[in-house]
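K.L.:
Generate coordinates for the sequence data below:
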Amino acid sequence: MKFTIPRDKWLRGEGFEVSSLLRASDGKMCCLGHFGLACGLNPERLENVGTPSNIAVDVPEVDIWEQIRKAWTGAGSFLFKEEGNELSDFCNDLMRFNDRIDLSGEDREARIIGIFAQNGIEVEFVD
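P.N.:
Numbers count the residues shown, from 1 in each chain. The predicted structure follows:
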């Protein structure tokens, strides 16, 4: 799988507290928001959501993790640990590197590209 992140729509380097898969106020998305769209998720499910585990699902609480995992199936399955209801280290690293305020643009992109590549996904950043 390959997907593109337009830099002008990329929400990054502002800190975890203000990050979102899709920030409704300006339409910017973190790297996982762009990836979510590439996985086929509707933008409404990503709006003002902080992590992939918090996407909107319309199911009883008991089924919520099953539905969240289904939403990210295929290419996005690496975002979750195989056992339990937790985000994977890959996912946590992507969020951390995307949101850190102390990384240069080149370093941030290289780290994100590397994590996705480890999971068979190619990401390209474009102006």
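
K.L.:
from here on, contacts and neighbour counts on C-alpha atoms
P.N.:
Will do.

K.L.:
Can you report how many residues neighbour residue 40?
P.N.:
Neighbourhood size, residue 40 [other C-alpha atoms under 10 Å]: 11.

K.L.:
Make residue 1 into 24 and carry on from there
P.N.:
Got it, the first residue is 24 from now on, which makes the last one we talked about residue 63.

K.L.:
residues touching it, list them.
P.N.:
Residues counted as contacts of residue 63 (C-alpha atoms under 8 Å, 6 or more residues apart in numbering): none.

K.L.:
so it sits in a strand?
P.N.:
No: going by DSSP: H, G, I helix; E, B strand; the rest coil, the assignment for residue 63 is coil, not a strand.

K.L.:
contacting residues around the residue sitting nearest the centre point of the chain?
P.N.:
Nearest to the geometric centre of the chain sits residue 55, at 1.5 Å (C-alpha atoms, centre = their mean). Residue 55 is in contact with 44, 75, 117, 118, counting by C-alpha under 8 Å, 6+ apart.

K.L.:
With residue 47 instead?
P.N.:
Applying C-alpha under 8 Å, 6+ apart, the residues near residue 47 are 70, 71.

K.L.:
let's see it at 6 Å
P.N.:
residue 70 (C-alpha atoms under 6 Å, 6 or more residues apart in numbering).

K.L.:
Also residue 72?
P.N.:
So residue 72 contacts 43, 44 (C-alpha under 6 Å, 6+ apart).

K.L.:
What are the phi and psi values at it?
P.N.:
Main-chain torsions, residue 72, degrees, to the nearest 10: phi -110, psi 130.

K.L.:
From residue 55, how far off is it?
P.N.:
Separation of residue 72 from residue 55 (C-alpha to C-alpha, to the nearest Å): 11 Å.

K.L.:
send the alpha carbons of the helix or strand where the residue nearest to the centre of the chain lies over as PDB?
P.N.:
Using DSSP states H and E, residue 55 falls within helix 54-61. What follows is helix 54-61, C-alpha atoms only, in PDB (Å, rounded to 0.1, in the frame of the first residue of the first chain):
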ATOM      1  CA  CYS A  54       0.000  11.100   9.700                       C
ATOM      2  CA  LEU A  55      -2.500   8.600  11.100                       C
ATOM      3  CA  GLY A  56      -5.500  10.600   9.900                       C
ATOM      4  CA  HIS A  57      -4.000  10.600   6.300                       C
ATOM      5  CA  PHE A  58      -3.400   6.900   6.700                       C
ATOM      6  CA  GLY A  59      -7.000   6.400   7.900                       C
ATOM      7  CA  LEU A  60      -8.400   8.000   4.800                       C
ATOM      8  CA  ALA A  61      -6.100   5.800   2.700                       C
END
